[in-house]
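> Predicted model and sequence follow; I will ask about them next.
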Amino acid sequence: MPLPTLGPPSLQADVGGCGDGCACGVGDAYDEHEHGGYGLDPLECGLDPDLAQLLADAGLDPVQVEDIAHMAIEEDLDQGVDVTTVATVPEDAFSTGDFTAREAGTVAGLRIAEAVLSVVCTDEFEVERHVEDGDRVEAGQKLLTVRTRTRDLLTAERSALNLLCRLSGVATATRAWADVLEGTGAQVRDTRKTTPGLRALEKYAVRCGGGANHRMSLSDAALVKDNHVIAAGGVAAAFKLVREEFPDVPIEVEVDTLHQVREVLDAGADLILLDNFTPAETAEAVALVAGRAQLESSGRLTLDTARAYAETGVDFLAVGALTHSSPILDIGLDLRADA
């Protein structure tokens, strides 16, 4: 495929590294009909416009991705320079590097790795995209090829790989669950047990692996848990209080007995979370609800037991481990010095 040429922030509008306090106005409004849903003119982001558009099309905020890329690089440089690279690599050297899978898995975060390169590179760089996020890859397979100044490529290497390996690990773990559930009608989905600051990226990786996202924050949906039930004086009372205060918000209620399932079902819950139910108890809950609400299983879930739960007829399996415990997918950068 042709090599797209991407420009660093210095070659774009001087608004790179935007955040909540930035005066550029990017992200002030969410527009579902403009620029992938973020009210964003990619030219107003420090990233390359085409890259910014790809991120927006994937459901990510390009400005947030740019901020994360800046944060990763700033942490790595710690207000200094890459002393090893500066000492060993001539300033005018150019190289080609291949991001290569060291093991089989599902890839996620390739455009995010490009964003890291975009904030580091002091000159234009070329990329050749061999695979896309969500693709299954084999050990030894090239994922992304980059040609740019050698110093910039090596300085960006670890930050780009940290994000790419982490997100690909989440996608790979999710894919294993999605494969086990295939054909059952149930979906695996994540929780809010995410790395602070990386929630949007990790939940994106879950989608790349074939999973579904639960709520993104505390404000877009309600989840009534045991402490809310204690504070409100009962599970039905807790549900009623949330419904009265926020009538348009979806409400999920956690229960741990079949009696509570009846209570919240009669109260009108949209979604019921079955906490630590056995497969047999889950089947009883499915029969009791009879399609009047969606059901989600949580706790006691492993890949070995996942299908047994799914075959009871529940809609979702909640797996916090997707984002809090997935190992990385081993990916490396192989440098090819230009002749």
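Cool, got the structure.
> hey, let's count contacts and neighbours off CA atoms from now on
Fine.
> is it true that residue 99 lies in a strand?
Yes - per DSSP: H, G, I helix; E, B strand; the rest coil, residue 99 lies within a strand segment.
> Does it touch residue 330 like I think?
No - using CA atoms under 8 Å, residue 99 is not in contact with residue 330, being 10.6 Å away.
> My read is that residue 320 contacts residue 195, right?
No - in this structure residue 320 lies outside contact range of residue 195 using CA under 8 Å: 11.6 Å.
> between the two, which one's more packed in?
Each of residue 320 and residue 195 has its neighbours counted (other CA atoms under 10 Å); residue 320 has more, 17 against 12.
> Could I get the contacting residues of the more buried one?
190-193 (CA atoms under 8 Å, 6 or more residues apart in numbering).
> Next, give phi and psi for it.
phi -60, psi -30 (degrees, to the nearest 10).
> what's the burial count for the residue lying closest to it once chain neighbours are set aside?
Excluding its sequence neighbours, the residue lying closest to residue 320 (CA to CA, 6 or more residues apart in numbering) is residue 191, at 5.2 Å. By other CA under 10 Å, 20 other residues sit near residue 191.
> in the biggest helix by length in the chain, what's buried?
Counting by DSSP state H, the longest helix found in the chain is helix 150-181. Residues of helix 150-181 classed as buried by neighbour count (16 or more other CA atoms under 10 Å): 150-161, 163-178, 180-181.
> next one: stretch 64-83 to chain centre, how far?
Stretch 64-83 sits 20 Å away from the centroid of its parent chain (CA atoms, centre = their mean, to the nearest Å).
> typo on my end, it should be stretch 119-137
Per CA atoms, centre = their mean, the centroid offset for stretch 119-137 relative to its chain is 18 Å.
> picking that back up, what sits against the residue nearest to residue 320?
Contacts of residue 191 (CA under 8 Å, 6+ apart): 213-215, 318-320, 323.
> do residue 310 as well
Going by CA under 8 Å, 6+ apart, residue 310 touches 181, 184-186, 316-317.
> among the contacts of residue 191, which one has the lowest pLDDT?
For the contacts of residue 191, the weakest pLDDT value sits at residue 215, with 92.
> distance of the closest residue to that one other than its chain neighbours from residue 162?
Distances taken as CA to CA, 6+ apart put residue 221 closest to residue 215, at 6.0 Å, once the chain neighbours are dropped. According to CA to CA, to the nearest Å, residue 221 and residue 162 sit 31 Å apart.
> what ranges do the helices span in the stretch 101-250 of the chain?
110-120, 150-181, 199-208, 226-232, 235-245 (DSSP state H, counting those that start in this stretch).
> Same question for stretch 134-147: list its buried residues.
Buried-residue list, stretch 134-147, by 16+ other CA under 10 Å: 134-137, 141-147.
> Mind checking which of residue 99 and residue 330 has more residues around it?
The neighbour comparison of residue 99 against residue 330 (other CA under 10 Å) goes to residue 99, with 24 against 19.
> which residues touch the more buried one?
142-145, 331-334.
> Take the residues you listed and keep only those in strands.
Of the contacts of residue 99, the ones assigned to strands by DSSP state E are 142-145, 331-334.
> Name the nearest residue to residue 241, sequence neighbours excluded.
Take residue 241 and drop its neighbours on the chain: the residue closest to it by CA to CA, 6+ apart is residue 232, 8.0 Å away.
> low-scoring pLDDT stretches of the stretch 201-339 of the chain, where are they?
By pLDDT under 70, the weakly predicted segments of the stretch 201-339 of the chain are 337-339.
> please redo it, this time with the cut-off set to 90
Where the stretch 201-339 of the chain drops to pLDDT under 90, the residues are 270, 300, 336-339.
> Now do the strands in it.
222-224, 251-255, 271-275, 294-298, 316-318, 331-337 (DSSP state E, counting those that start in this stretch).
> Could you check those and tell me which one is nearest residue 122?
Across these, residue 122 has its closest neighbour in strand 331-337 (18.4 Å, CA to CA).
> Just checking: what are the partner strands of the closest one?
strand 94-101 (antiparallel) (DSSP bridges).
> Dump the strand it pairs with to CSV, restricted to CA.
This file holds the C-alpha atoms of strand 94-101, laid out as CSV (Å, rounded to 0.1, in the frame of the first residue of the first chain):
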residue,chain,number,x,y,z
PHE,A,94,17.1,8.0,8.9
SER,A,95,15.8,4.5,9.5
THR,A,96,12.9,2.2,8.8
GLY,A,97,11.4,0.3,11.8
ASP,A,98,8.9,-2.6,11.8
PHE,A,99,6.6,-3.0,14.8
THR,A,100,6.4,-6.8,14.8
ALA,A,101,4.4,-9.3,16.9
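> quick one, that strand and helix 110-120 angle?
Here strand 94-101 points in a direction 150 degrees away from that of helix 110-120 (axes from the mean of the first three to the mean of the last three CA atoms, to 10 degrees).
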